[in-house]
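[1] when you get a sec, could you give me coordinates for this:
(one chain, ligands or ions: 1)
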Amino acid sequence: MSESKEFTLAEVTAHNTKKDLYMVIHDKVYDCTSFVDEHPGGEEVLLDVAGQDGSEAFEDVGHSDEAREILDGLLVGTVKRMPGDPEPKAQATATASSSSSSTGFGVGLYAVILIGGAVAYGVYNYLQAQQNSQ
Ligand code: HEM
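    Sure thing, here's the model as predicted:
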């Protein structure tokens, strides 16, 4: 099998058993069938993401360079994204976290405007009172 073969996500999904296990990591397709029994983290975790995008699961563990070398040896192709396919996992997470942090900033911004307005109003009233008393 050549490394340049392209798979749609639907094609990868079909390889979801212990005897035929493909996995997508960072938009590359890996045939992990021969590695299932050797995985130091056990076969269960690999079966959990069989035929799916395992990028997040793989990165969460903080696999070593050695693990990444093994991964290179299992490469069979790349993902061919079709219209309507879900976004790559890693990117989807980044978008989600950046949008949540921008929401936080939005709330903070409102607070600054409100407090700033209240302070300005207080100062204005104070100055008026000062002027009136003169
Ligand atoms: C084909 C993809 C994968 C390869 C080649 C691989 C390879 C390895 C290797 C070599 C180790 C030993 C520690 C290290 O060198 O980092 C390891 C540990 C581990 N892996 Fe994976 N792994 C893969 C996918 C996954 C996935 C998808 C998960 C899901 C959570 C996972 C979970 C773990 C865990 C929990 C350990 C720690 C085991 C321990 O220290 O007791 N691995 N993996």
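[2] identify each buried residue in stretch 43-56, please.
    43, 46, 49-55 (16 or more other CB atoms under 10 Å). All C-beta spots, glycine's among them, are computed from the backbone N, C-alpha and C.
[3] over to stretch 27-39?
    Buried-residue list, stretch 27-39, by 16+ other CB under 10 Å: 28-33, 35-36.
[4] let me know the closest of the residues you listed to the ligand.
    Comparing the buried residues of stretch 27-39 against the ligand with CB to the nearest ligand atom places Cys32 closest, at 4.3 Å.
[5] I'd like the distance from Ile113 to Val107, if you could.
    Distance of Ile113 to Val107, given as CB to CB, to the nearest Å: 11 Å.
[6] point me to the residue of the protein nearest the ligand.
    Gly41 (2.5 Å).
[7] what's the nearest residue to that residue if we skip its chain neighbours?
    Once flanking residues are discounted, Gly41 sits nearest to Val61: 6.7 Å by CB to CB, 6 or more residues apart in numbering.
[8] okay, that neighbour: pLDDT?
    If you check Val61, the pLDDT there is 96.
[9] does it touch His39 like I think?
    No. When contacts are counted by CB atoms under 8 Å, Val61 is not listed as touching His39 (10.8 Å).
[10] who's in contact with the closest residue to Asp85 other than its chain neighbours?
    Once flanking residues are discounted, Asp85 sits nearest to Leu9: 5.3 Å by CB to CB, 6+ apart. Leu9 makes contacts with 24, 53, 79, 81-82, 85-86, as judged by CB atoms under 8 Å, 6 or more residues apart in numbering.
[11] now do Ser4
    77-78.
[12] in terms of pLDDT, where does it sit?
    77.
[13] and it, how close does it get to Thr78?
    With CB to CB as the criterion, Ser4 and Thr78 are 7 Å apart.
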